[in-house]
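Undergrad: What follows is a predicted structure for the sequence shown.
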Amino acid sequence: MRKTSVVGSQADIFQTHVQRQPGGNTEQWIRRFGNLERESLQRPVIAAMQVVVTHHSDQAASVSLAALGWSTFFANQLAPEETYLARMRVSAVHRSRLTAVSEIGPMRLSLPSNANITDFAVGDWALIDPATHMLVRRLDRQTLLQRRTEGGRSTQLIAANVDTLFIVTSCNDEFNPARLERYLVFANESGTNPVVVLTKIDQITDTAPYMEQASALQRGLAVVMLNAKAPGAARTLAPWICPGQTVALVGSSGVGKSTLLNALSSKQPEDAQLTGSIREVDAKGRHTTTSRSLHAIDGGGWVIDTPGMRSLQISDVSGGLDTLFAEIVELAPQCHFRDCTHAHEPGCAVQSAIAAGTLDPARLDRWRKLKTENQTNTPVLSGPRGNKVPKANGKRR
């Protein structure tokens, strides 16, 4: 092959060799040519990678960065000297390694010796050295779902860069408004758009009470009902799913998250997520999903499945609480006393609303409980000026 220039020839060689391979082992050829000088890998390799995907669609489906969820928010974080790095999205976090998806398909990443696996979440965007598959750095997140671990002071990362959070619950004894409120605080604080998904509607005769209770939990809250096993289940969620968008599924075990995931991704039986039944006596489910993972949605978009959460402690979510209990927050300034606890003080606008029947007293009780829990669990900065460190706020049992 005649070389017209150093940069152009490297791209041509890369493209020609990959196209001529009958097996189309993309990873092998990327690794072979990944040791070229970085100066010759900036734009040509990206173009060559696109050629690989186009000519071997039977082995690695063609997908653009935009379809993976890449946007100007992430592009603006790249420095000029980082343009040669590959952009990849974390699809699974294992105990000692990461798996990512990219324009050329899935790839196992290498981590620097000083990296901590717990600092990464499914859905993260990262810059990768194309020659070594070594993670160079993680990009800032647009949204982050995280929770405080039970009995601990550390936080657990759930998912990153999620556009819509599907809070899945079933129309049976598992339905619990107080638990749903915790998930809503979780979503509000992260910046994601919450949608309550009521499942197993085929097992009851009257769905109206469930729809009414769920819709009253937060102003403007979207609530949908479906049978996850029905052919049209995915169409019900179509308004929130499109190419480049990422949704996540959260909820207790046994509410139908895995069944819903299989419906969204149109997985073949051998690739489908395991599903489990519930106990008839209390509608409690069993864990079938044991780790978080990113899956392609049939027709475009991505879904992150999460294991069922036995508990969801809240911490540092004042903004999320204000959004959830907006009707109480708006009444508070009308109280006679500025520090009104809305319990027994005269001139309390909140208690007046309860007496008038416009505010559910159970709603106020749950607001008070969550607010107290948030204050207890949220660390405060303590120490000398310029050297403050987080310190637990309140007593822990």
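TA: In hand now; what should we look at?
Undergrad: Spell out the residue ranges of the helices in this protein.
TA: Assigned by DSSP state H, the chain shows helices spanning 6-20, 26-33, 44-55, 65-68, 72-75, 177-190, 208-215, 233-236, 257-265, 318-324, 326-331, 349-356, 361-377.
Undergrad: Mind listing what's buried along the fourth one?
TA: By that I understand helix 65-68. Neighbour-count burial for helix 65-68 flags Leu65, Ala67, Leu68 (criterion: 16 or more other C-beta atoms under 10 Å). In short, each C-beta sits where N, CA and C put it, glycine included.
Undergrad: Equivalent analysis for the fifth one, please.
TA: Neighbour-count burial for helix 72-75, counted by 16+ other C-beta under 10 Å, picks out Phe74.
Undergrad: Using PDB, write down the CA coordinates of that helix.
TA: The C-alpha coordinates for helix 72-75 follow below in PDB (Å, rounded to 0.1, in the frame of the first residue of the first chain):
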ATOM      1  CA  THR A  72     -22.100  18.200  25.000                       C
ATOM      2  CA  PHE A  73     -22.000  18.000  28.800                       C
ATOM      3  CA  PHE A  74     -19.300  15.400  28.600                       C
ATOM      4  CA  ALA A  75     -17.700  16.600  25.400                       C
END
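Undergrad: from the buried residues of helix 65-68, which single one is nearest Trp367?
TA: When the buried residues of helix 65-68 are compared for distance to Trp367 (C-beta to C-beta), Leu68 comes out closest, at 39.2 Å.
Undergrad: That closest one contacts Val101, doesn't it?
TA: Yes - here Leu68 reaches Val101: they are 6.5 Å apart, a contact under C-beta atoms under 8 Å.
Undergrad: any shared contact partners between these two?
TA: Common contact partners of Leu68 and Val101 (C-beta atoms under 8 Å, 6 or more residues apart in numbering): Arg89.
Undergrad: Would you mind measuring from the residue nearest to Thr199 when sequence neighbours are not counted to Glu373?
TA: In space, Thr199 comes closest to Gly256 once its chain neighbours are excluded; the distance is 4.0 Å by C-beta to C-beta, 6 or more residues apart in numbering. For Gly256, the distance to Glu373 (C-beta to C-beta, to the nearest Å) stands at 28 Å.
Undergrad: Among the two, which residue is more densely surrounded?
TA: Neighbour comparison, Gly256 and Glu373: the larger count goes to Gly256, with 25 against 17 (by other C-beta atoms under 10 Å).
Undergrad: In contact with that one: list those residues for me.
TA: Listed by C-beta under 8 Å, 6+ apart, the contact partners of Gly256 are Val168, Ser170, Thr199, Lys200, Ala228, Thr275.
Undergrad: Phi first, then psi, for the fifth one.
TA: Here the main-chain torsion angles of Ala228 (degrees, to the nearest 10) amount to phi -60, psi -20.
Undergrad: who's in contact with it?
TA: Thr199, Lys200, Gly256, Thr259, Leu260, Ala263.
Undergrad: among those, which ones are buried?
TA: When the contacts of Ala228 are checked for burial by 16+ other C-beta under 10 Å, the buried set is Thr199, Lys200, Gly256, Thr259, Leu260, Ala263.
Undergrad: Quickly note the distance from the fourth one to Gly299.
TA: Okay, so that is Thr259. Computed as C-beta to C-beta, the Thr259 to Gly299 distance reads 18 Å.
Undergrad: likewise the last one?
TA: Ala263 sits 12 Å away from Gly299 when distances are taken as C-beta to C-beta.
Undergrad: Over to the second one?
TA: Shown here: Lys200 relative to Gly299, a distance of 24 Å by C-beta to C-beta.
Undergrad: Now that we have the buried residues of helix 65-68, can you turn them into CSV and tack on distance to Gln245 and pLDDT?
TA: Converted to CSV, the buried residues of helix 65-68 look like this (distance: C-beta to C-beta, whole Å; pLDDT from 0 to 100):
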residue, distance to Gln245, pLDDT
Leu65, 14, 95
Ala67, 10, 95
Leu68, 11, 96
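Undergrad: Let me have those residues in JSON lines, extended by distance to Gly123.
TA: What follows is the buried residues of helix 65-68, written out as JSON lines (distance: C-beta to C-beta, whole Å):
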{"residue": "Leu65", "distance to Gly123": "15"}
{"residue": "Ala67", "distance to Gly123": "15"}
{"residue": "Leu68", "distance to Gly123": "10"}
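Undergrad: one step back: and the buried ones among the contacts of Ala228, which is closest to Arg366?
TA: Comparing the buried ones among the contacts of Ala228 against Arg366 with C-beta to C-beta places Thr199 closest, at 23.1 Å.
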